[in-house]
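Novice: Here is a sequence with its predicted model. Questions after.
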Amino acid sequence: MKAGEALPPLEIEVTRTLIVAGAIASRDYQDVHHDAELARQKGSPDIFMNILTTNGLVGRYITDHFGPTAVLRKVAIRLGAPNYPGDTMVLTGTVLDVEAGDEGETARVQVVGKNGIGSHVTGTVTVTVPSAGRDRAAGRPV
């Protein structure tokens, strides 16, 4: 891990199933996340992803990169353009800074998730990778 390191992009297909399953899993029963007709009546062209699903996908993006021992310390995100079914969200990240400590290395990572209409999510994630969870020869999580 080093400041300026770019994480590889992650493409996520935004499907109706993903949107509805995420809403159900996070117990968000707002109709705009599962009922297209009611969402249209409220001014949206279709159902759209909730913030808790987005938050989970951002966490997955970080732990997929840093490995199974990575510990999310803080996730601070802001939503922008909605994620509608049929679009693709592409998550990208850049390591802002890294601090070595007794528990391992802690990094702040800037994350952006864009879809066809703009930035869906922007934010910063603080993640710690324990020293015991790194392959010292490769410098990568194990």
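Specialist: Structure's in. What do you need?
Novice: tell me which element the spatially most central residue of the chain falls in.
Specialist: Here the mean C-alpha position of the chain is nearest to the C-alpha of Val58 (C-alpha atoms, centre = their mean), at a distance of 1.1 Å. With secondary structure defined by DSSP states H and E, Val58 is part of helix 51-66.
Novice: packing partners for the helix or strand just after that helix?
Specialist: Toward the C-terminus, helix 51-66 is succeeded by strand 71-79 as the next helix or strand (DSSP H and E). For strand 71-79, the elements it packs on are helix 51-66, strand 118-130, judged by 3 or more C-beta pairs under 8 Å, 6 or more residues apart in numbering; DSSP states H and E. All C-beta atoms are positioned from the backbone trio N, CA, C, and that covers glycine.
Novice: buried set for strand 71-79?
Specialist: Using 16 or more other C-beta atoms under 10 Å as the burial criterion, the residues of strand 71-79 that qualify are Val75, Ile77, Leu79.
Novice: do stretch 110-119 as well
Specialist: The neighbour-count check on stretch 110-119 (16+ other C-beta under 10 Å) flags Val111, Val112, Gly113, Lys114, Asn115 as buried.
Novice: What lies in contact with it?
Specialist: Stretch 110-119 is contacted from outside by 14, 54, 57-58, 61-62, 77, 80-84, 87-94, 96, 120-125, using C-beta atoms under 8 Å, 6 or more residues apart in numbering.
Novice: first to last residue in that stretch, what's the distance?
Specialist: 13 Å (C-alpha to C-alpha, to the nearest Å).
Novice: what do you get for stretch 45-54?
Specialist: 19 Å.
Novice: coming back round to it: looking at the helices and strands packed on strand 71-79, which is nearest to Leu10?
Specialist: helix 51-66 (5.1 Å; C-beta to C-beta).
Novice: list the buried ones in that closest one?
Specialist: Of the residues in helix 51-66, those buried (16+ other C-beta under 10 Å) are Thr53, Thr54, Asn55, Leu57, Val58, Gly59, Tyr61, Ile62, Thr63, His65, Phe66.
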